[in-house]
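Enquirer: model this:
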Amino acid sequence: MAPLATSTAPLQLCSHHSHPRRRRGTVEVAASASSSSSRRAEDVVIVGAGIAGLATALSLQRLGVRATVLEQGPSLRAGGTSLTLFKNGWRVLDAIGVADDLRAKYLRIQGMRMRSAAGGRDLREFSFEEEAPGQEVRAVERRALLETLASKLPADAISYSSKLKSVAGQGAEGTVLELEDGRRLLAKVVVGCDGVNSPLARWMGFSEPRYVGHMAFRGLADYGGIGAQGQPFEPKVNYIYGRGLRAGFVPVSATKVYWFICFNSSTPPPGLGKKTKTAAGAALKREALELVRGWPEDLVAVMRGTADDAVVKTPLVDRWLWPGVAPRASRGGVVLAGDAWHPMTPNLGQGACCALEDAVVLARRLAPAVLAGGAVVGEAMRGYERERWGRVFPLTARAGLVGKLVQWGNPAVCAARDGVVIPRLVRLGPFLEHTNFDCGGLLEPAPMN
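Expert: Numbers count the residues shown, from 1 in each chain. Prediction:
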């Protein structure tokens with residue numbers, strides 16, 4: 001999508017197209033050139049039906065504020081493989097009422113095993129119960145998480161095939177959004193949850209996400225065929241380290257296993273931040289298998305057993321929100337959440353968890369302000385930014401630094417990692433300290449700052 005433009009025309013709204021997906025409460029404001037009257041618009045419009053968008057809509061709903069979610073695709077995005085949720089993410093899912101639906105489907109991971117790519121030598125094994133008591137880790141299919149969140153919203157809450165074209169104007173009544181099909185919507189509040197390549201973030205002055213020099217393959221192997229016995233692995237995260245290359249896999253359910261490979265690549269690919277998943281899925285899988293030739297057979301077997309169309313290739317990107325340098329997270333009645341605001345690398349497993357935290361904090365701040373009206377909405381957005389910046393900036397930086405450390409290709413450094421750092425120095429509890437964070441529930445009063 002081209003960068004969003006802000007129209008300099010007067011805030012006079014015209015709808016040139018009728019549309020069958022008009023949602024109750026969302027006003028397609030129609031006015032002739034000689035008329036400035038309009039009907040009341042939706043209080044909150046969320047751009048993007050990803051994790052942050054749907055979780056924000058559900059959080060607001062539980063606090064009495066209805067939101068309309070604009071999704072550019074004809075349905076929920078089925079792409080992606082699996083994501084790992086730690087206990088801070090599960091706290092949020094409990095708060096918004098969907099955690100138990102997902103717990104019933106996905107395995108609780110009991111520990112972690114680290115190995116060297118050279119001969120598959122064991123470096124270290126951890127038990128969450130012993131070294132990180134109270135930890136809850138599950139790998140969840142992204143598709144299932146989105147479907148579960150969406151199932152708790154009203155049937156007409158998501159407007160599909162609704163691609164944002166521009167922010168057509170901002171005024172006292174709210175923000176005007178122009179869609180690709182010609183519709184114009186007026187909203188008191190717009191929440192930008194439109195992902196790592198967010199047009200709304202560009203419109204607000206944010207830089208493009210920064211390529212960190214690493215690429216990733218990801219896949220989801222399905223052992224659920226007719227007559228199959230299911231996947232054979234213990235519920236542990238498996239990490240395997242090489243030189244400038246690491247891989248891993250984790251059981252997702254009784255029949256599915258998620259795997260990944262991360263490798264160094266100095267040249268950023270075209271379409272930065274976008275997944276590659278094409279008709280040439282077989283070529284992607286061959287490329288991934290070539291990277292781990294001679295690595296432990298259990299990893300290779302999982303990869304070989306993955307359907308070609310279940311493999312994706314992604315550049316890893318982030319955006320560090322340097323104080324005094326990064327733009328504000330809100331502009332007028334528009335505020336960002338999730339990857340649209342703070343994309344981070346997956347090295348700490350916190351991208352989805354932080355998006356969920358954003359949703360609860362933003363809803364807790366925003367709901368009473370929307371219901372009260374007036375200038376308090378702007379203060380609610382600024383309070384959300386203050387509360388979340390101190391969480392997401394350090395995590396983004398730490399994830400980036402961890403990625404640099406584990407992707408070293410120097411033989412001496414790798415030998416020290418495998419011989420000293422992992423076997424003797426790594427402590428699971430301190431390493432996972434960031435997952436002890438509690439962003440609070442929905443019913444707690446927002447801090448007055």
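
Enquirer: which residues in the stretch 301-449 of the chain form helices?
Expert: 351-372, 376-406, 411-416, 428-431 (DSSP state H, counting those that start in this stretch).

Enquirer: what residues are up against the residue nearest to S330 when sequence neighbours are not counted?
Expert: Of all residues not flanking S330 in the chain, M381 sits nearest, at 3.9 Å (C-beta to C-beta, 6 or more residues apart in numbering). C-betas here are computed from N, CA, C, even on glycine. By C-beta atoms under 8 Å, 6 or more residues apart in numbering, the contact list for M381 reads A329, S330, V335, R365, L366.

Enquirer: R103 reaches A144, doesn't it?
Expert: No - look at R103 against A144 with C-beta atoms under 8 Å: they stay out of range, at 11.8 Å.

Enquirer: circling back: pLDDT score for the residue nearest to S330?
Expert: The model reports M381 with a pLDDT of 98.

Enquirer: what of the one 3 residues further on?
Expert: The pLDDT attached to Y384 in the predicted structure is 98.

Enquirer: dead centre of the protein: give me the residue that sits there.
Expert: The residue lying closest to the centre of the chain (C-alpha atoms, centre = their mean) is A352, at 4.2 Å.

Enquirer: bridge partners for the nearest residue to that one once chain neighbours are set aside, pull those for me.
Expert: Residue nearest to A352 in three dimensions, not counting chain neighbours: L83, with 4.7 Å by C-beta to C-beta, 6+ apart. L83 has these beta-bridge partners by DSSP bridges: V140.

Enquirer: now do L83 against R113, distance only.
Expert: 20 Å (C-beta to C-beta, to the nearest Å).

Enquirer: between the two, tell me which one has more neighbours.
Expert: For L83 and R113, the more surrounded residue by other C-beta atoms under 10 Å is L83, and the numbers stand at 22 against 16.

Enquirer: related to what we said a few turns ago, quick check: the residue nearest to S330 vs T148, distance?
Expert: To T148, M381 is 28 Å away according to C-beta to C-beta.

Enquirer: cool, Y384 as well?
Expert: 24 Å.

Enquirer: more crowded one of these two?
Expert: More crowded of Y384 and T148, by other C-beta under 10 Å: Y384, with 24 against 20.

Enquirer: isn't that one right up against R328?
Expert: No - contact criterion C-beta under 8 Å: Y384 and R328 do not qualify, at 11.0 Å.

Enquirer: ok, residues contacting stretch 282-295?
Expert: For stretch 282-295, contacts defined as C-beta under 8 Å, 6+ apart pick out 117, 120, 217, 219, 240, 242, 245, 247, 261, 263, 276-278, 299-300, 303-304, 306, 308, 311-313.

Enquirer: what's the neighbour count on the closest residue to F233 other than its chain neighbours?
Expert: Using C-beta to C-beta, 6+ apart and skipping the chain neighbours, the partner closest in space to F233 is P251 (4.8 Å). Applying other C-beta under 10 Å, we find 26 residues neighbouring P251.

Enquirer: quickly list what P251 is bridged to.
Expert: Note on P251: beta-bridge partners by DSSP bridges are V257.

Enquirer: what pLDDT does it get?
Expert: The score at P251 is 98. That number is its pLDDT.

Enquirer: so it touches Q231, yeah?
Expert: Yes - applying C-beta under 8 Å, one finds P251 in contact with Q231, separated by 5.7 Å.

Enquirer: what's the overlap in contacts for those two?
Expert: Shared contacts of P251 and Q231, counting by C-beta under 8 Å, 6+ apart, come down to V257.

Enquirer: quick one: low-confidence ranges for the stretch 51-200 of the chain?
Expert: Applying pLDDT under 70 to the stretch 51-200 of the chain flags no residue at all.

Enquirer: show me where it has its strands.
Expert: With DSSP state E, counting those that start in this stretch, the ranges of strands along the stretch 51-200 of the chain come out as 67-70, 82-85, 111-116, 122-127, 138-141, 158-159, 164-171, 174-179, 184-192.

Enquirer: how about these in JSON lines, adding distance to V317?
Expert: Shown next, in JSON lines, are those (distance: least, C-beta to C-beta, whole Å):
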{"stretch": "strand 67-70", "distance to V317": "24"}
{"stretch": "strand 82-85", "distance to V317": "16"}
{"stretch": "strand 111-116", "distance to V317": "26"}
{"stretch": "strand 122-127", "distance to V317": "29"}
{"stretch": "strand 138-141", "distance to V317": "22"}
{"stretch": "strand 158-159", "distance to V317": "27"}
{"stretch": "strand 164-171", "distance to V317": "21"}
{"stretch": "strand 174-179", "distance to V317": "26"}
{"stretch": "strand 184-192", "distance to V317": "17"}
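
Enquirer: how about the ones you listed, which one is nearest A52?
Expert: Evaluated over those, closeness to A52 peaks at strand 184-192, with 8.2 Å, by C-beta to C-beta.

Enquirer: the closest one: how far from the chain's middle?
Expert: Centroid separation for strand 184-192 versus its chain: 21 Å, with C-alpha atoms, centre = their mean, to the nearest Å.
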